[in-house]
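Trainee: Let me see the structure of the following:
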Amino acid sequence: MIDKSKEKKILCVGAGYVGGPTMAVIASKCPGYTVTVVDIDQKKINGWNSDSLPIYEPGLLETVKKVRGKNLFFSTDIAKEIDACGIIFVSVNTPTKTFGEGAGRAADLQFWEKTARSIIEHSNDDKIVIEKSTLPVRTAEAMHRILQSNSKGLNFDIISNPEFLAEGTAIKDLENPDRVLIGSMDSDSGRKAAAKIAEIYGSWVKKDKILLTNVWSSELSKLVSNAMLAQRISSINSISALCEKTDADVDEVAKAVGMDSRIGPKFLKAGVGFGGSCFKKDILNLVYLCEFYGLNEVAEYWQKVVDVNEFQERRFVLNMIAKMFNTVAGKKIAIFGFAFKADTGDTRESPAIYVAKKLIEEKAELSIHDPEALKNAKIDLKDCNGKISYYRDYLDCVKGVHAVAILTEWNCFKDYDYEKIFSLMEKPPFIFDGRNIVDRKKLFRIGFNVSSIGKTFLTNLDKHN
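Mentor: Numbers count the residues shown, from 1 in each chain. Model (predicted):
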């Protein structure tokens, strides 16, 4: 049983993209609870205690400022805070392994296991431990065994509570979730622990949106949700390649298909490819799990979702080269957008990384512009041997460039002064719209040669022959 004095004291280990926003919303919705977020990174904690948060997310700063110092706190004193709480969310990084068995596909659980052992070391009473990180199926079982092996006679109930946040809308997703998934062990103690966590979310989430399952279903549901979303993106992107060959319009096809109520319109927007910290990692984890259990055909099916995504990124660069007279060597190219999606500064697995590196390999010079992701872009490209410049101002970015490649769907890109951009560019000027967000016909009338995903190439080149 949790110590009565600690049952409304929540700790989150890990102050990243999931832990920080989730705890901020819980603190704001549950004033009767004290919420503390800990991390070993002092710089990150300093950021959370300032007005320059370590991550960008619309509405996050406002939410944090309402409760910080009241019932939301950020600290590096992990040992003290573990002992002080009764409920622990574990939201540490679980990247794809880069070494050993399962390298490139399996989840690297070293940070997760270190956290579990730290919980044992610094606990003096029973606690509920919640998996918030995305983890492989049956990981809760391993965590349970580690925690229950303690020599203090303590009981730890393990709960799986995966996050379903989309960066750029994380606060809205937390405040009004499609569902909250709480998986527990099949025991009286496990069910009581799940009920306590459901009570927290029940402060603002409707009861019919809180789904109680066994812990294994909860773990697998997270992987499958991301895999199916990514599958839809790869599906429409594969069709975009066919549209370009047949003069069909991928947006028109997607609209027609999406009007079928059995299919729906979401995640049928063609683009240069998906990115972010979850999709590729979770699919490869799913592939590894399927192979581990001998389900090779299933593994191959999901591997193709990743393969098509990489094909789309590669196809985008090859199209740029082909359209620009089969060479980009010595040409200056502006990249609009480096974040993997709009309304975030996150560049993890962003298609822009692949596109930029391939263009540099082809000896192009790059000018990069993004409203929030320039800092991360510099980190991602720090080892590249080539000429790269970074610009906050889009007009400075396009001076003397031969082409503009739009790689993130920032709304502001739609409203830029493209007549001014045209005047500043080398001629003939090219626009490669990797997100299909600009008015291509308007740009064509201005004088651009416009290449869009899954659409006919609009060219002014023939007019000059």
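Trainee: Give me the neighbour count for residue 10.
Mentor: A total of 26 residues lie near residue 10 under the criterion other C-beta atoms under 10 Å. Any C-beta I mention is one placed from the backbone N, CA and C, and that applies to glycine too.
Trainee: shouldn't it be in contact with residue 85?
Mentor: Yes. Using C-beta atoms under 8 Å, residue 10 makes contact with residue 85 at a distance of 6.2 Å.
Trainee: show me what contacts residue 375?
Mentor: For residue 375, the contact set (C-beta atoms under 8 Å, 6 or more residues apart in numbering) comprises residue 345.
Trainee: Okay, and it sits in which element?
Mentor: In the assignment (DSSP states H and E), residue 375 maps to helix 374-380.
Trainee: After that helix, which helix or strand is next?
Mentor: By DSSP H and E, the next helix or strand past helix 374-380 is strand 388-391.
Trainee: So which elements touch that following strand?
Mentor: With contacts taken as 3 or more C-beta pairs under 8 Å, 6 or more residues apart in numbering; DSSP states H and E, strand 388-391 sits against strand 365-369, helix 374-380.
Trainee: again, 6 Å this time
Mentor: Packing contacts for strand 388-391, counted by 3 or more C-beta pairs under 6 Å, 6 or more residues apart in numbering; DSSP states H and E, involve strand 365-369.
Trainee: and the least confident helix or strand in the chain by mean pLDDT, what does it pack onto?
Mentor: In the chain, the helix or strand scored least confidently by mean pLDDT, DSSP states H and E is helix 139-148, which has a mean of 72. In terms of contacts (3+ C-beta pairs under 6 Å, 6+ apart), helix 139-148 is packed against helix 110-122, strand 156-160.
Trainee: partners of the shortest one, with directions?
Mentor: Meaning strand 156-160. The pairing partners recorded for strand 156-160 under DSSP bridges are strand 127-131 (parallel), strand 180-184 (antiparallel).
Trainee: between those strands, which gets nearest to residue 196?
Mentor: With C-beta to C-beta as the measure, strand 127-131 is the member of those nearest residue 196 (6.4 Å).
Trainee: Could you export that closest one as PDB, CA atoms only?
Mentor: Presented in PDB, the C-alpha positions along strand 127-131 are these (Å, rounded to 0.1, in the frame of the first residue of the first chain):
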ATOM      1  CA  LYS A 127       5.000   2.900  -4.900                       C
ATOM      2  CA  ILE A 128       3.000   2.800  -8.200                       C
ATOM      3  CA  VAL A 129       5.400   3.000 -11.100                       C
ATOM      4  CA  ILE A 130       4.000   4.000 -14.500                       C
ATOM      5  CA  GLU A 131       5.600   3.300 -17.900                       C
END
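Trainee: Flag every buried residue along it.
Mentor: Residues of strand 127-131 classed as buried: 127-131 (neighbour count, 16 or more other C-beta atoms under 10 Å).
Trainee: Centroid-nearest residue for this structure?
Mentor: When the chain is reduced to its mean C-alpha position, the nearest residue by C-alpha atoms, centre = their mean turns out to be residue 276, at 3.4 Å.
Trainee: got a pLDDT number for the closest residue to that residue other than its chain neighbours?
Mentor: Among residues not flanking residue 276 along the chain, residue 340 sits closest, at 4.8 Å (C-beta to C-beta, 6 or more residues apart in numbering). Looking at residue 340, its pLDDT stands at 96.
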